[in-house]
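Asker: Need the 3D shape of this:
(2 chains)
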Amino acid sequence: MSDLISQDAVIASLKANSKKQVIQELSERAAGLVGLPARDIFDHLLQRERLGSTGIGQGVAIPHAKLPTLDRLFGMFARLDKPIDFDAIDDEQVDLVFLLLAPEAAGADHLKALARIARLMREPGTAQKLRASHDAASIYAVLNRASEPNAA
Amino acid sequence: MLDPLTIVLLVASGLLVLAVLTSLIAYRIGAPLLLVFLAFGLAVGEDGLGIEFDNAPVAFFIGSVALALILFDSGFNTRLETVARASWPALVLATLGVLLTTGLVGVVTHYLSGLSWPASFLLGAIISSTDAAAVFFLLRVGGLKLRERVRATLEVESGANDPMAVFLTITLVEMIVSGAGRDQAFLDFAGIFFAQIGLGAVMGLLGGWLIAQAINRVQLEPGLYPVMVIGLALLLFAVTSQIGGSGFLAAYIGGLMSGNFGTRSMPMLRRFQDGVSWLCQIGMFLMLGLLATPSGFGLIWVQGLFIAFFLILIGRPIAVWLCLLPFGFKREETAFISWVGLRGAVSILLAITPMMAGIPVGQAFFNIAFIVVLTSLVVQGWTIRPMARWLGILVPPEIGPVEKVELELPGAARHELVVYRITENSPVGTGERIPRWARPSLIVRAGRSLRPHEAGRLQVGDLVYIFAAPRYIRLLDRLFAGRVEITDTDAEFFGDFAFPGTTSLGDIARQYNLEVDDTDAEKTVAELLIQRYGEDIHRGDRLTLGQVELIVRDVTDDNRVARVGVSLAPQERAARLPLFQNLEEITTNLRARLAGRRARNGHPKKAPSPAAADRSSQPKEAE
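Answerer: Sure thing, here's the model as predicted:
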């Protein structure tokens, strides 16, 4: 995961009351890190959410979008203060959010990265470990350790 | 004073009852039931307790009748939509597939044992067909919910390939016995083949339709319907065989027709035939166990096991793969269909024919067929469920378990009486109201019968009696079903993200680089899937578009696609199976390889391999 996400893109405790607010918060923080207007990121993410929620179930959501002006894959993770309604596939509330932004031309790399994130978040035990971690450094460690193929 | 007839009856009935009781053990250890009956037959046979039975003609007679009834019942329980859905692949498997298997096994036998060509092919034909009863049994009783197209193909194949195998075997036996010349034999062969199949099919259609009419029109004592149907089924079998058609094919098609066009007393008929099917099944496997004397096998064990494993691991997979090439099955689907090539009663029955005809290798063939059936039941029968899970063929359940009893009402009532037990996690159990049209007529709580207004709020553990029209029962099931346990593999099954069926394909294509042309881009995903699969669409049906796979996730009661899953990395599952590519994949790969070669020749400098960059994300094995 370290090629997708850096530790300063990990938020250990995000306060938000709605799906829209989460996406807004994340867009603003991501904007600072990738150097693009927050409004742009927000619009693209929301456009994707309108097609169908990115809540994949069991408290996890993976909002994502392709941005024409981005130059690399960019990942960001947030653990929410309290679970919120996200229209997720299983109707459960969401408290773990992994955001992925991709350049318009990323193609197969974008899909692979998304599939990797989805698999990581579904892996038994990962979600519990993330919920049990309370600072960015330990969350970052969980994300990276779990994605190594040899970590049992 | 013991009458010999009484002794036969005593032994037979005793065996039957004991065999049924052994099934209790089978559930404990998860062994395929048919294997248990076979083992039981062996245990009391010549090698065990010493009951001697080696009357081949009697065994053949009993076996034929049993097989005809089993096939009739298979047809009776197969819906026409299933047949329609799988007719082409199943038909090719049932004809060409049987021929290919016969040929492959024949060639191996010829070089392995030095038998003559006709004799080698005879052995191939004997073990060429999958067993309808075994396949049905393991797929249905095991409660496996398979991808619809796979299930339909397997079911129809297993019902339709027996007649072909019977025909091949009997023709080869006759050829060997009469020693007929090649050319002459071939002409006869083709003539007999078309007579058998043609007459069998026509008689089946006609007879089955007549049986359905009899069920619907003749007024009888209710208990007589099943007897009449069984009688007519056997009559159909006998008449068709007598006039030179395939009685087995007629029995299967007859069952199909009567089961689909009959309307009256159907639940009772099904239950009765279920019992008859069991009886036939047990009888056949017991008989096989009694007939076989493994202690006398000697070296045959080695040859038998070799042929069995050749059939399971090479012969059937090749035959299935070749037959399914043009039908666009996914690799894991082809692999699973190869794996469910269960051998059973039919092979045993066919193995008796050379013995009856007095062919010298008859006994050896019987022994080999025995070993093949045994191996197939142990190796394949026991592993169907894990294999289905590993290959991702199982469709996760839509609703949780339901505790219910359905009762058919006498007369021409359009309603059924359904009894549900309210379970803790069901919507009703957690307080959801029962809709007005489904108000219970009676509630039984702690042994007391209560009227709805006496009972008040429903409680967990109550039995509710509801009169409902059959088409509403699915809705009711949902109200009374427990929670569905979603496992990790289930989540994987439906892909990473979900969209409503009304989402435009173009929108999804823009997000995930799908390859769609402009006309498709204007459609909704649901429309595209319906266009591909027709109206008969099921959960778990899937469609590959470029690097992404679309999976039907929810289907409404009126057969509309409500939700579609998108799997972003379907190739990772396929990567487990390098074999079994279908025609489309093969051409795509070839084209890609050719293009790659051309590109390399043009630009000698090689681009860095994308595989190297992605090595950190090897797919995690699910089990």
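
Asker: Please count neighbours and contacts with C-alpha atoms only from this point.
Answerer: Will do.

Asker: which ones are touching the residue of chain A found nearest chain B?
Answerer: Chain A approaches chain B most closely through residue A:52 (4.8 Å), counting by C-alpha to the nearest C-alpha. Residue A:52 sits next to B:498, B:499, B:500 when contact means C-alpha atoms under 8 Å, 6 or more residues apart in numbering or on different chains.

Asker: Likewise for residue A:99?
Answerer: Contact analysis of residue A:99 by C-alpha under 8 Å, 6+ apart lists A:26, A:62, A:63, A:64, A:75, A:76, A:77.

Asker: pretty sure it is in a helix, no?
Answerer: No - under DSSP: H, G, I helix; E, B strand; the rest coil, residue A:99 sits outside any helix and is assigned strand.

Asker: If I look at it, what pLDDT would I see?
Answerer: The score at residue A:99 is 92. That number is its pLDDT.

Asker: Mind listing the residues bridging to it?
Answerer: Beta bridges link residue A:99 to residue A:76, judged by DSSP bridges.

Asker: Name the nearest of the contacts of residue A:52 relative to chain A.
Answerer: residue B:499 (4.8 Å).

Asker: nearest residue to that closest one other than its sequence neighbours?
Answerer: residue A:52 (4.8 Å; C-alpha to C-alpha, 6 or more residues apart in numbering or on different chains).

Asker: Need the pLDDT of that neighbour.
Answerer: pLDDT, read off for residue A:52, is 88.

Asker: Would you check how far apart it and residue B:126 are?
Answerer: Per C-alpha to C-alpha, to the nearest Å, residue A:52 is found 54 Å from residue B:126.

Asker: ok, now residue A:137?
Answerer: Here the criterion is C-alpha to C-alpha. By it, residue A:137 lies 67 Å from residue B:126.

Asker: With residue B:248 instead?
Answerer: Separation of residue B:248 from residue B:126 (C-alpha to C-alpha) stands at 15 Å.

Asker: need the residues of chain A near chain B, please.
Answerer: Within chain A, the positions lying close to chain B (C-alpha under 8 Å from any C-alpha of the partner chain) are A:48, A:51-56, A:65-66, A:89, A:107-108, A:111-112, A:114-116, A:118, A:122-124, A:147-149.

Asker: returning to that earlier point: when residue B:248 and residue B:126 are compared, which one has more neighbours?
Answerer: Taking neighbours as other C-alpha atoms under 10 Å in any protein chain shown, residue B:248 and residue B:126 compare with residue B:248 leading, 35 against 27.

Asker: Any stretches of the stretch 501-623 of chain B with poor pLDDT?
Answerer: Within the stretch 501-623 of chain B, the segments meeting pLDDT under 70 span B:570-578, B:600-623.

Asker: Where do the helices of it begin and end?
Answerer: Listed in chain order, the helices of the stretch 501-623 of chain B (DSSP state H, counting those that start in this stretch) span B:505-512, B:518-521, B:525-533, B:570-574, B:583-602, B:610-613.

Asker: Among those, which comes closest to residue B:133?
Answerer: Nearest to residue B:133, of all those, is helix B:525-533, at 28.3 Å by C-alpha to C-alpha.

Asker: Show me the contact partners of the closest one.
Answerer: B:501, B:502, B:503, B:504, B:505, B:520, B:537, B:543, B:560, B:561, B:562, B:564.

Asker: so who does the residue sitting nearest the centre point of chain A touch?
Answerer: Centroid check for chain A by C-alpha atoms, centre = their mean gives residue A:98 as the closest residue, at 1.3 Å. By C-alpha under 8 Å, 6+ apart, the contact list for residue A:98 reads A:60, A:61, A:62, A:63, A:75, A:76, A:77, A:78, A:117.

Asker: same thing with residue B:123?
Answerer: Here residue B:123 is in contact with B:102, B:105, B:106, B:109, B:365 (C-alpha under 8 Å, 6+ apart).

Asker: If you tally nearby residues, what's the number for the third one?
Answerer: Using other C-alpha under 10 Å, residue B:106 has 24 other residues around it.

Asker: do the same with the second one
Answerer: The tally of other residues near residue B:105 (other C-alpha under 10 Å) stands at 26.

Asker: and if you look at the first one?
Answerer: Around residue B:102 there are 28 other residues, counting by other C-alpha under 10 Å.

Asker: what about the closest residue to it other than its chain neighbours, helix or strand, and which?
Answerer: Nearest residue to residue B:102 in three dimensions, chain neighbours excluded: residue B:124, at 4.1 Å (C-alpha to C-alpha, 6+ apart). Element membership for residue B:124 (DSSP states H and E) is helix B:117-126.

Asker: Report the rounded mean pLDDT for that helix.
Answerer: Here the average pLDDT along helix B:117-126 is 90.

Asker: what is the rounded mean pLDDT of the helix or strand that that helix is followed by?
Answerer: From helix B:117-126 onward toward the C-terminus, using DSSP H and E, the following helix or strand is helix B:132-136. Averaging pLDDT along helix B:132-136 yields 75.

Asker: and helix B:132-136, what does it pack onto?
Answerer: helix B:56-76, helix B:148-178 (3 or more C-alpha pairs under 8 Å, 6 or more residues apart in numbering or on different chains; DSSP states H and E).

Asker: closest to chain A out of those?
Answerer: Closest approach to chain A among these (C-alpha to the nearest C-alpha): helix B:148-178, 23.2 Å.

Asker: how about the closest one: buried residues?
Answerer: Of the residues in helix B:148-178, B:148-173, B:175-176 count as buried by neighbour count, 16 or more other C-alpha atoms under 10 Å in any protein chain shown.

Asker: mind saving the C-alpha coords of stretch B:504-511 as PDB?
Answerer: In PDB, the C-alpha atoms belonging to stretch B:504-511 read as follows (Å, rounded to 0.1, in the frame of the first residue of the first chain):
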ATOM      1  CA  SER B 504     -26.400   3.700 -17.600                       C
ATOM      2  CA  LEU B 505     -23.700   1.500 -19.000                       C
ATOM      3  CA  GLY B 506     -21.800   4.500 -20.400                       C
ATOM      4  CA  ASP B 507     -21.500   5.900 -16.900                       C
ATOM      5  CA  ILE B 508     -20.000   2.800 -15.600                       C
ATOM      6  CA  ALA B 509     -17.800   2.400 -18.600                       C
ATOM      7  CA  ARG B 510     -16.300   5.900 -18.000                       C
ATOM      8  CA  GLN B 511     -15.500   5.000 -14.400                       C
END
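
Asker: Contacts for that stretch next, please.
Answerer: A:48, A:51, A:65-66, B:514-516, B:520-525.

Asker: Selecting buried members of those residues in PyMOL, what would you type?
Answerer: PyMOL command restricting these to the buried ones, with burial defined by 16+ other C-alpha under 10 Å:
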select buried, (chain A and resi 48+51+65+66) or (chain B and resi 514+515+521+523+524+525)
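
Asker: Which members of the contacts of stretch B:504-511 occur in strands, if any?
Answerer: The strands, defined by DSSP state E, take in A:65, A:66 from the contacts of stretch B:504-511.

Asker: Tell me the confidence at residue B:182?
Answerer: pLDDT, read off for residue B:182, is 56.

Asker: coming back round to it: and the residue nearest to residue B:499, what are its phi and psi?
Answerer: Dihedral angles of residue A:52 (phi, psi; degrees, to the nearest 10) stand at phi 170, psi 140.

Asker: and what of the one 5 residues further on?
Answerer: Here the main-chain torsion angles of residue A:57 (degrees, to the nearest 10) amount to phi 110, psi 160.

Asker: Three-state assignment for residue B:443, please.
Answerer: In three-state terms, and counting by three-state DSSP, residue B:443 is strand.

Asker: Against residue B:417, how distant is it?
Answerer: Distance of residue B:443 to residue B:417, computed by C-alpha to C-alpha: 13 Å.

Asker: any shared contact partners between the two?
Answerer: Contact criterion C-alpha under 8 Å, 6+ apart; residues bridging residue B:443 and residue B:417 by contacting each: residue B:465.

Asker: Would you mind telling me which of these two has more residues around it?
Answerer: Neighbour totals were compared for residue B:443 and residue B:417, and residue B:443 leads with 25 against 18 (other C-alpha under 10 Å).

Asker: I am finished for the moment; much appreciated.
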